[in-house]
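Need a 3D model of the following:
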Amino acid sequence: MGHEFKPIRFFDYICEEPEHEDKLWFVDRENPENPLSKFVGNDAVVKKLQVVAFNAFGKIDHNCAGINFSVFGLPSTGKTTLVKMFGKLVDIPYCEISPKSISNLSNLKDVIVNSIVSHVSEEQKIVDVKETDSNVSTFPPCIVFIDEVHALSDYLVNGVLKATEHNDATLVTESGEVFDCKNVCWFIGTTEEGKLFDAFRSRFSPLHLVYLTKKEISKIIKISHNDLSENVCDSIAFYNSRLPRKALEFARYLKLKRNMDVDKSFDELCLEIAKEDGVDEHGMHKTHLEILKAIKDLPVAKNRLASVVDKKIDELENYIMPVLLSSTKDQGNLVRVTNKGYAITTDGLLELKKRGISYEHRSDT
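Residues are numbered from 1 along each chain as shown. This is a model prediction of the structure:
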């Protein structure tokens with residue numbers, strides 16, 4: 001017999017397919033009941049998921065398998081948040097896998113099964129994982145997200161490739177258990193497309209997330225802190241552009257500080273908190289400014305730049321430079337990569353000019 005599963009409590013299925021207009025409303029970002037209504041920006045990425053969700057609502061079990069997705073995005077662009085919101089929208093079990101937490105395919109299977117079981121309440125409908133033959137058990141519709149997929153061992157990569165291959169879709173554990181994954185919608189996440197294993201490229205549809213504009217960051221703050229005015233949200237975004245998580249943390253602290261310093265304006269408090277966090281009046285962190293000053297006249301090699309700003313190379317590459325190297329609709333990239341190292345751009349020089357910092361005029365910026 002196949003693997004013995006305990007009964008799985010699943011959501012109450014709809015009895016018939018909703019009307020076309022209803023499905024459109026379910027996935028509309030203007031619908032406050034749609035979790036994706038709170039995901040700001042990256043419209044092209046969200047539209048892809050809306051199409052998949054629309055079709056899932058046309059099935060009794062909300063099955064959204066058939067297309068797997070690779071989510072690319074620099075730190076804090078919202079990869080995990082996006083996939084979680086999509087899971088909530090289609091209302092099927094969501095499973096998040098960290099490569100560091102699994103050492104074999106049996107671990108992977110256990111995490112998926114536990115996520116399926118924990119998704120639903122005791123009051124909801126019983127749905128058993130079906131056995132397709134004497135040796136195979138079938139997962140019900142679910143979403144499995146493997147974050148930082150580039151960290152998977154070669155051994156696990158081979159097992160995952162077999163499970164995500166459209167014409168195979170089977171997960172085989174070390175003990176010989178076989179699981180049909182045809183109902184699984186797979187997501188994988190990584191910070192850079194170049195880190196993705198070549199074998200994954202043909203199996204996953206890409207979703208490229210980019211940093212948000214200041215206005216988009218302000219909108220995120222307003223969603224979470226509706227009691228703050230739009231002007232205050234704009235001020236918070238000014239000092240925390242690119243990183244929604246930091247901006248939301250800033251907003252929470254601002255409200256606490258306001259309770260203590262009632263005689264100060266929100267603008268005064270925003271600037272005060274920003275300076276405490278190492279951000280100047282123009283909205284730039286001191287570490288980023290140090291980097292621009294270090295490369296203002298000549299490109300600087302990665303190793304040397306890490307020493308100049310007293311940071312580890314991994315920290316510099318993964319958490320500090322992405323903000324400077326990336327552009328948004330309202331801000332060009334301040335740094336670029338050359339064969340001689342990191343070099344400042346014209347936009348980077350303009351940031352120095354705001355602060356009265358002189359530099360050599362070069363033709364290669």
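
now the chain, which segments are flagged as low pLDDT?
1-16, 120-134, 361-365 (pLDDT under 70).

care to break it down by domain?
Split into domains by automatic domain parsing, the chain comes to 8-208, 214-276, 286-354.

Looks like residue 97 contacts residue 111 (just checking).
Yes. Between residue 97 and residue 111 there is a contact at 5.9 Å, judged by Cβ atoms under 8 Å. Every residue, glycine included, has its C-beta placed from N, CA and C.

higher neighbour count, the two?
Comparing residue 97 with residue 111 by neighbour count (other Cβ atoms under 10 Å), the higher total belongs to residue 97, at 24 against 17.

what pairs with the more buried one across the strands?
residue 146 (DSSP bridges).

residues touching it, list them.
108, 111, 144-147 (Cβ atoms under 8 Å, 6 or more residues apart in numbering).

where's it relative to residue 65, distance?
17 Å (Cβ to Cβ, to the nearest Å).

returning to what we had before: save the domains of the chain as CSV, and put in distance to residue 360 too.
Output for the domains of the chain, formatted as CSV (distance: least, Cβ to Cβ, whole Å):
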stretch, distance to residue 360
domain 8-208, 30
domain 214-276, 28
domain 286-354, 5
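
Show me which of the contacts of residue 97 is closest to residue 176.
residue 108 (14.9 Å; Cβ to Cβ).

Pull the lengthiest helix in the chain out as PDB, backbone CA atoms only.
The single longest helix within the chain, with elements called by DSSP state H, is helix 244-260. In PDB, the C-alpha atoms belonging to helix 244-260 read as follows (Å, rounded to 0.1, in the frame of the first residue of the first chain):
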ATOM      1  CA  PRO A 244       9.600  48.400   3.200                       C
ATOM      2  CA  ARG A 245      10.500  46.400   6.300                       C
ATOM      3  CA  LYS A 246      12.700  49.200   7.700                       C
ATOM      4  CA  ALA A 247      10.100  51.800   6.800                       C
ATOM      5  CA  LEU A 248       7.400  50.000   8.700                       C
ATOM      6  CA  GLU A 249       9.800  49.600  11.700                       C
ATOM      7  CA  PHE A 250      10.500  53.300  11.500                       C
ATOM      8  CA  ALA A 251       6.800  54.200  11.500                       C
ATOM      9  CA  ARG A 252       6.100  52.100  14.600                       C
ATOM     10  CA  TYR A 253       9.000  53.700  16.500                       C
ATOM     11  CA  LEU A 254       7.900  57.200  15.300                       C
ATOM     12  CA  LYS A 255       4.400  56.700  16.800                       C
ATOM     13  CA  LEU A 256       6.000  55.600  20.100                       C
ATOM     14  CA  LYS A 257       8.400  58.600  20.100                       C
ATOM     15  CA  ARG A 258       5.500  61.000  19.300                       C
ATOM     16  CA  ASN A 259       3.700  59.800  22.500                       C
ATOM     17  CA  MET A 260       6.800  61.000  24.500                       C
END
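
how many neighbours does residue 77 have?
So residue 77, with other Cβ under 10 Å, has 25 neighbours.

and it, helix, strand or coil?
What DSSP: H, G, I helix; E, B strand; the rest coil gives for residue 77 is coil.

quick one: it and residue 109, what's the gap?
Applying Cβ to Cβ to residue 77 and residue 109 gives a distance of 30 Å.

Equivalent analysis for residue 234, please.
48 Å.

So which of the two has more stuff around it?
residue 109 (23 against 18).

contacting residues around the residue lying closest to that one once chain neighbours are set aside?
Distance criterion Cβ to Cβ, 6 or more residues apart in numbering; nearest residue to residue 109, sequence neighbours excluded, is residue 173 at 5.5 Å. Contact partners of residue 173, counting by Cβ under 8 Å, 6+ apart, are 104-106, 109, 179.

Filter those down to the ones in helices?
Per DSSP H, the contacts of residue 173 map to helices at 105-106, 109.

who touches residue 139 in this structure?
Residue 139 neighbours (Cβ under 8 Å, 6+ apart): 112, 116, 129, 179-181, 183-184.

By neighbours, which of the residues you listed wins?
Neighbour max across the contacts of residue 139 (other Cβ under 10 Å) = residue 184, 26 neighbours.

C-terminal to the longest strand belonging to the chain, what's the next element?
Ranked by residue count under DSSP state E, the longest strand found in the chain is strand 184-190. Heading C-terminal from strand 184-190, the first helix or strand you meet, by DSSP states H and E, is helix 198-201.

Just the residues contacting that following helix, thanks.
With Cβ under 8 Å, 6+ apart as the criterion, helix 198-201 contacts 70, 149, 157, 161, 164, 188.

And that helix, how far out from the chain middle?
20 Å (Cα atoms, centre = their mean, to the nearest Å).

Could you name the helices and strands sitting against the helix or strand following that helix?
Counting by DSSP H and E, the element after helix 198-201 in chain order, helix or strand, is strand 205-208. Judged by 3 or more Cβ pairs under 8 Å, 6 or more residues apart in numbering; DSSP states H and E, strand 205-208 is in contact with helix 43-56, strand 69-72.

quick one, which of those is nearest to residue 352?
Closest approach to residue 352 among the helices and strands packed on strand 205-208 is made by strand 69-72 (30.8 Å; Cβ to Cβ).

May I have that closest one as CSV, with CA atoms only?
The C-alpha trace of strand 69-72 is given here as CSV (Å, rounded to 0.1, in the frame of the first residue of the first chain):
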residue,chain,number,x,y,z
PHE,A,69,7.6,30.1,-10.8
SER,A,70,11.1,31.4,-10.0
VAL,A,71,11.0,34.5,-7.9
PHE,A,72,14.1,36.8,-8.4
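
That strand: partners in the sheet, and parallel or antiparallel?
Assessed with DSSP bridges, strand 69-72 is paired to strand 184-190 (parallel), strand 205-208 (parallel).
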